[in-house]
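# show me the folded form of this:
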Amino acid sequence: MKITQLRTQQVQIPFDKPFRTAIHRVESVACVLLQVDTDEGLVGEGLVWCMGTQRLAVLDAMIHSLAHKVVGRDPHEHAGLWEEMWRDVNFFGHKGITLFGIAAIDMALWDLVGKAHGLSVCRLLGQSRDRVRAYHSGGLWVSLSIDELQAEAKDFLAQGYRAMKMRLGKATVAEDIERVAAVREAIGPDIDLMADANQGFTVNHAIRMGRALEPYNLVWFEEPVQAYDLAGSARVAAEIDTPIASGETEYARYGFRDMLERQSADVLMPDLERVGGITEFVKVAHMADAFDIPISPHLYTEQCLQLCGALSNIRYSEMMPWFGPLYNESMELVDGDLLVPDRPGLGFTFNPDAIGRYSVK
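Numbering: from 1, shown residues only. The predicted structure is shown next:
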């Protein structure tokens, strides 16, 4: 089997109601969808995304700039192809947009290999389970009122979720704590609750916040400070009892090695497009496992379910519904767990009608 071409399509999925985090106002998500064709008629799929459409052309161009490394090659060589792409982008560096391009192609190659053998990526990697605890991450935004927070939290419970994440980012510790207390009251003591600051705090503010959060029994306190401030994150982690989660804006195994060495997080959160795809994600997961550090994938719920089924140090799957409209298949929730699809490849395929509907003209 040989790769014959790369095809991309730009799409934008608008939100009915914009929302706010500590540092972003989000109105839509925009994606470059990648389809990798082969001479046997199989098609592998991957995607990368960003907020808004302004930089879609950059993502698109980065993917196509790597076509010369993969066209004419066998997708079974994905490990070697990853290394060739890594070397090819050296001039531009191994963080940022270069990793996005590698990631999209790497996802599609794994998808192709699974489809070629009629096996899920989870089975290719070696399956350890068929479900994973999901936390709903598509709500409880900073822009909601307390009444809206409580109503939405109860709605997540009614949908069957046993874990959920809220956002922090109000002007004072007291305001954020009032909101956390309200959500905890709404869901009760036995539901897993996470809180995400989206890099919005200074170190001192984060430490005060972390100490004030202790009575609410959070699973983790996520990205309390700027992602590049590993020393600051390590200070916060050392000063509070609640585990610190971070890593969604880190790149490749070397970035995560730095995080582990600096003890800047208790839970690592690799993002599939920033880490460099499935090939590199697995390396990061195994490295973290050697330190007895759990990981939790950032976004990419559909694709990462395959990783959740194979990697034993993943504790939770982030259930983000943003990209669901793009696929023919739907995720399945049972008793608070997302089921790992036992379908060939990544288990989710692009819906042509949706691509047309959300296409960026």
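# going forward, measure contacts between C-alpha atoms and count neighbours the same way
OK.
# restrict the longest strand anywhere in the chain to CA atoms and write it as PDB.
Using DSSP state E, we find that the single longest strand of the chain is strand 3-20. Taking C-alpha atoms only, strand 3-20 is exported to PDB below (Å, rounded to 0.1, in the frame of the first residue of the first chain):
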ATOM      1  CA  ILE A   3       0.200   6.900  -0.200                       C
ATOM      2  CA  THR A   4      -0.800   8.800  -3.300                       C
ATOM      3  CA  GLN A   5      -1.900  12.300  -2.100                       C
ATOM      4  CA  LEU A   6      -2.900  14.500   0.800                       C
ATOM      5  CA  ARG A   7      -6.200  16.300   0.700                       C
ATOM      6  CA  THR A   8      -7.300  19.000   3.100                       C
ATOM      7  CA  GLN A   9     -10.500  20.900   3.800                       C
ATOM      8  CA  GLN A  10     -11.000  23.900   6.100                       C
ATOM      9  CA  VAL A  11     -14.100  24.000   8.200                       C
ATOM     10  CA  GLN A  12     -15.500  26.200  11.000                       C
ATOM     11  CA  ILE A  13     -18.000  25.100  13.700                       C
ATOM     12  CA  PRO A  14     -19.700  28.000  15.300                       C
ATOM     13  CA  PHE A  15     -21.100  27.900  18.800                       C
ATOM     14  CA  ASP A  16     -24.700  28.900  19.500                       C
ATOM     15  CA  LYS A  17     -23.500  30.900  22.500                       C
ATOM     16  CA  PRO A  18     -19.900  32.200  22.800                       C
ATOM     17  CA  PHE A  19     -18.200  31.600  26.100                       C
ATOM     18  CA  ARG A  20     -15.200  32.900  28.000                       C
END
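# next SSE downstream of the longest helix anywhere in the chain?
Assignment by DSSP state H gives helix 97-117 as the longest helix of the chain. Downstream of helix 97-117, the first helix or strand assigned by DSSP states H and E is helix 121-125.
# and that following helix, what does it pack against?
If contacts are counted by 3 or more Cα pairs under 8 Å, 6 or more residues apart in numbering; DSSP states H and E, helix 121-125 sits against helix 97-117, helix 301-310.
# what lies in contact with that helix?
110-111, 114, 306-307, 309-310, 344-346 (Cα atoms under 8 Å, 6 or more residues apart in numbering).
# give me the mean pLDDT for that helix.
For helix 121-125, mean pLDDT is 98.
# now that helix: buried residues?
Across helix 121-125, burial judged by 16 or more other Cα atoms under 10 Å covers 121-124.
# then that helix to CSV, C-alphas only?
Taking Å, rounded to 0.1, in the frame of the first residue of the first chain, the C-alpha atoms of helix 121-125 are listed here in CSV:
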residue,chain,number,x,y,z
VAL,A,121,-5.7,1.7,16.9
CYS,A,122,-6.3,0.6,20.5
ARG,A,123,-5.8,-3.1,19.4
LEU,A,124,-2.7,-2.2,17.4
LEU,A,125,-1.2,-0.6,20.5
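# from the chain's centre, how far out does that helix sit?
How far helix 121-125 lies from its chain's middle: 19 Å, per Cα atoms, centre = their mean, to the nearest Å.
# try stretch 113-124
21 Å.
# can you check stretch 156-173 too?
Centroid separation between stretch 156-173 and its chain, computed with Cα atoms, centre = their mean, is 17 Å.
# same check on stretch 269-277?
Worked out by Cα atoms, centre = their mean, stretch 269-277 lies 7 Å from the chain centre.
# the strands in the chain, which residues?
Applying DSSP E to the chain gives strands spanning 3-20, 25-38, 43-50, 131-136, 163-167, 192-196, 221-222, 244-246, 267-268, 317-319, 333-334, 337-339.
# tilt between the fourth one and strand 192-196?
Using axes from the mean of the first three to the mean of the last three Cα atoms, to 10 degrees, the interaxial angle of strand 131-136 with respect to strand 192-196 works out to 50 degrees.
# do the second one as well
Angle of strand 25-38 versus strand 192-196, following the same axes, to 10 degrees, is 100 degrees.
# list the buried ones in strand 25-38?
28-38.
# so which residues make contact with that strand?
Counting by Cα under 8 Å, 6+ apart, 1-15, 17-20, 43-53, 56, 59-60, 104-105, 108-109, 322 sit against strand 25-38.
# with adjacent residues omitted, what lies nearest to residue 329?
residue 348 (5.8 Å; Cα to Cα, 6 or more residues apart in numbering).
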